[in-house]
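Asks: Next come a sequence and a model predicted from it.
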Amino acid sequence: MSEQDEPPMICDLCLGDSNRIRITKNTHGASCKICTLPFTVYQFKSGKRNVNLVKTLICRKCAKQRNICQCCMLDMTWHISLQLRDRMLSMISRDKSMITEEVKNDMMRRFLALKDTELGGAKITSDPKKIDVVMNELQHILTSQSSTSASKSAPASDQSLEESDSLKESDSLKDKVINKYKSVDISHVLRKLPLKESFELTDQSKSFFLYNISSSLPEWRINRAISEILNVTDWQSETSNSLIVHHKAKCGGIRFKNDELGAKFIENLLSSRSYLKTPNDLKRGILKVSHYQVFVIPWKTGFSTSSFGSTTGEEIKLSLSLDQFLKNEFSKGSAVESATNKVTATSTSKSKTKGKVTKKKNKLKRVSKIDL
Amino acid sequence: MSKSKSWRDRSARVQVDERELPSSMPAQTGLVFNVWYNKWSQGQGGQRRFVNPFRLDTKVHPGVTRGDKENTNFFCLYFAKGMCCLGKKCQYKHHIPEEQDIMQLSMKTDVLDCFGREKFADYRDDMGGVGSFRKNNRTLYIGGLSGALNNKQLKPSQIEGRLRYIFSKLGEIDRVRYIESKNCAFVKYRHQCNTEFAKEAMSNQTLLIPSDKEWADRKEGAGLLVKWGNDDPDPEARKREEEEQKEESLNMMVKLLNNFGKRQSEQLTVEEKHESIKKLSQDKATLFDEKTLQKLKKRKANPETVASLKISKLLELNGTSNGLVDYPSSSEEE
């Protein structure tokens, strides 16, 4: 059968629910988006009252090679995007060949399009039996993963050794960075930060200073976390920037719409015991965002975009000095705790944080396991 | 979301009156006007940069349109640019893309952007335009800042503040980075859909605000250049990106596995059912049970290849899963 006579590869979701569809066929109607060769275009409306015309955008051969729909370019069986499918399969089967490679050269593209092969993840998703095999494998991996990660949390000594090695490396790197930014003066930035404030109910509490923000923590997660604590989504002040995070400086600020919301924020955090005490008797609120902990201090004077340094150098220096600040707070805090050994709110929250930290490690480990 | 409620409760506004819209014909730059490409030819041509006199007001403009009632997947491009003259009669959505829209759209298609325009295999050389379907790009490059400010001298933190304020209204932000030495910025969103929307909404916009004294002359400026961002070369950022992709794939794996488990249990029950039917049919000594007969009838009624393809697939599925009946016509399909 020639290409013109074969039925197009279109997924059920594109075709829609109706039993009868009127389809227009246009031989050599357009150039394929992948291989640039002309192909037979089919056009139809998925529903009678639907305005949008659906049409095939790539040729049947390209679609067949990748096992994707000619209209939506999603996988025919799983209905997910091609890149995601390939990434997933390459993770499961530890095989980089699962990733569909796209050639840049036009002639090569056309040449490859004429071949009768299956590329990347299409080898698996086009065959229901292979899918079953992969799914069983995946099930096996995931179930064994959860059990091993639970049992392996205790004998993590070798892991910690490795970590300390990497820590040393990062320390030397850090020294380099510190030396590089030694000359940068950020006293004007530091002066305005409310590091000596305590996380307690105050009369003016619209703005807060956030620090210990990991560079992989996106802003929207922080936004969500705050909305969850307050149970309202529009806590942001409308007239100015309500959430500023400088990932290079690892800190940021939030500004609530009004003082009441800020007070509620403090109350909710305090009542859920999500705070800790530093040796200087200063309280720090803890905002838990997924597996990260962000420390919070009220900021009476408020902030602007320039409060976190205006150049990259200043930002990095600020992150370094905040790290130092954090270390000081923590090391003293743990010393005090071990000396007095009291079971107070502080230590409970401390242990909580420690638990969190180990959890975080576990999570990371799990991810690296899946990396395979 | 209380914010979303507010747009759901009202119908969309007409952003610009039709009479106030500028002519669709660009200002004369050549000798002959090409109707097909909507361009002047035989002349200097020169793509002059301009400032869009309209802007999407995220507080006032969003609302329910005819598109919402017809359950369309796509957003109005003119709405994003702040110049839709149809208001509630528009057949496309008039609001900022939200989680639900994004889910719907990602299920629908991979090659169309949130305005329903076809994407391309490769990016344009200048990284403008609709973008590529090969990459889930959530980063925007923002340039032309001095032109968008009519060369007004501002402190870097002020520029960053303005950018943050405008772009954070158009979707959930992942991160914003303003590079002062290069006078450009990168905005990363959580979803690609919002990125596409923000790209159209903010290109050729001015960064001036009404309290600036240059506000009256804002149309003299050049407007923002908003383009697709390339991969961040920073090794830390690459690691982050990889981690994110891994997380996404993991989530999808779990989802697929759940579906798979469900389907298997369903199949089991279906098989049980079919076995009981088999017994029944054996008792009655008929060749086909009612269901398959009906399906066969349907197939005869639909000789069109594509529609029958769907059904044949269904039949094939049934055929392989329970192996109940083999009907002679199936060889035709293969």
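Replies: Yep, it's here.
Asks: Just give me the neighbour total for residue B:218.
Replies: With neighbours defined by other Cβ atoms under 10 Å in any protein chain shown, the count for residue B:218 comes to 20. The way it works is simple: take the backbone N, C-alpha and C, and place the C-beta from them, glycine included.
Asks: what residues does the stretch 101-250 of chain A put near chain B?
Replies: By Cβ under 8 Å from any Cβ of the partner chain, the residues of the stretch 101-250 of chain A that approach chain B are A:102, A:104, A:128, A:135, A:138-139, A:142, A:215-216, A:218-220, A:223, A:232-234, A:238, A:240-241, A:243-245, A:247-248.
Asks: For PyMOL, what selects the buried ones among those?
Replies: In PyMOL, this line selects whichever of these come out buried by 16 or more other Cβ atoms under 10 Å in any protein chain shown:
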select buried, chain A and resi 135+138+142+215+216+218+219+220+223+232+233+234+241+243+244+245+247+248
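Asks: where does residue B:269 land in three-state SS?
Replies: The local conformation at residue B:269, judged by DSSP: H, G, I helix; E, B strand; the rest coil, is helix.
Asks: re earlier: inside helices: which ones of the residues of the stretch 101-250 of chain A next to chain B?
Replies: With helices taken from DSSP state H, the overlap with these comprises A:128, A:135, A:138, A:139, A:142, A:219, A:220, A:223.
Asks: Make JSON lines from these and add distance to residue B:153 to it.
Replies: Converted to JSON lines, these look like this (distance: Cβ to Cβ, whole Å):
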{"residue": "A:128", "distance to residue B:153": "65"}
{"residue": "A:135", "distance to residue B:153": "61"}
{"residue": "A:138", "distance to residue B:153": "58"}
{"residue": "A:139", "distance to residue B:153": "62"}
{"residue": "A:142", "distance to residue B:153": "57"}
{"residue": "A:219", "distance to residue B:153": "28"}
{"residue": "A:220", "distance to residue B:153": "33"}
{"residue": "A:223", "distance to residue B:153": "32"}
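Asks: Give me the lowest-pLDDT entry from those residues.
Replies: For those, the weakest pLDDT value sits at residue A:142, with 77.
Asks: I'd like the distance between it and residue B:132.
Replies: To residue B:132, residue A:142 is 32 Å away according to Cβ to Cβ, to the nearest Å.
Asks: In chain B, which residue sits nearest chain A?
Replies: Across chain B, the shortest distance to chain A (Cβ to the nearest Cβ) belongs to residue B:157, at 3.3 Å.
Asks: residues in contact with that residue?
Replies: A:304, A:305, A:306, A:310 (Cβ atoms under 8 Å, 6 or more residues apart in numbering or on different chains).
Asks: Mind picking the two most distant members of the residues you listed?
Replies: A:304 and A:310 (10.4 Å; Cβ to Cβ).
Asks: hey, which helix or strand in chain A has the poorest pLDDT?
Replies: helix A:345-371 (a mean of 42; mean pLDDT, DSSP states H and E).
Asks: Tell me which stretches of chain A form strands.
Replies: Along chain A, the segments classed as strands by DSSP state E run A:23-31, A:38-44, A:54-55, A:207-211, A:243-246, A:251-255, A:275-277, A:283-289, A:292-298.
Asks: Show the backbone phi and psi for residue B:178.
Replies: Dihedral angles of residue B:178 (phi, psi; degrees, to the nearest 10) stand at phi -100, psi 130.
Asks: Quick check, it in contact with residue B:158.
Replies: No. In this structure, residue B:178 is not within contact of residue B:158 by Cβ atoms under 8 Å, at 10.4 Å.
Asks: Low-confidence stretches in the stretch 51-200 of chain A?
Replies: Counting by pLDDT under 70, the stretch 51-200 of chain A has low-confidence residues at A:145-170.
Asks: oh sorry, the question was meant for the stretch 1-150 of chain B
Replies: Ranges of the stretch 1-150 of chain B meeting pLDDT under 70: B:1-5, B:45-47.
Asks: Show me what from it comes close to chain A.
Replies: Residues of the stretch 1-150 of chain B lying near chain A by Cβ under 8 Å from any Cβ: B:1-3, B:59, B:70, B:72-74, B:91, B:106-111, B:116, B:118, B:120-122, B:133-136.
Asks: Can you flag the buried ones in the residues you listed?
Replies: B:72-74, B:91, B:106, B:108-111, B:116, B:121, B:133-134, B:136.
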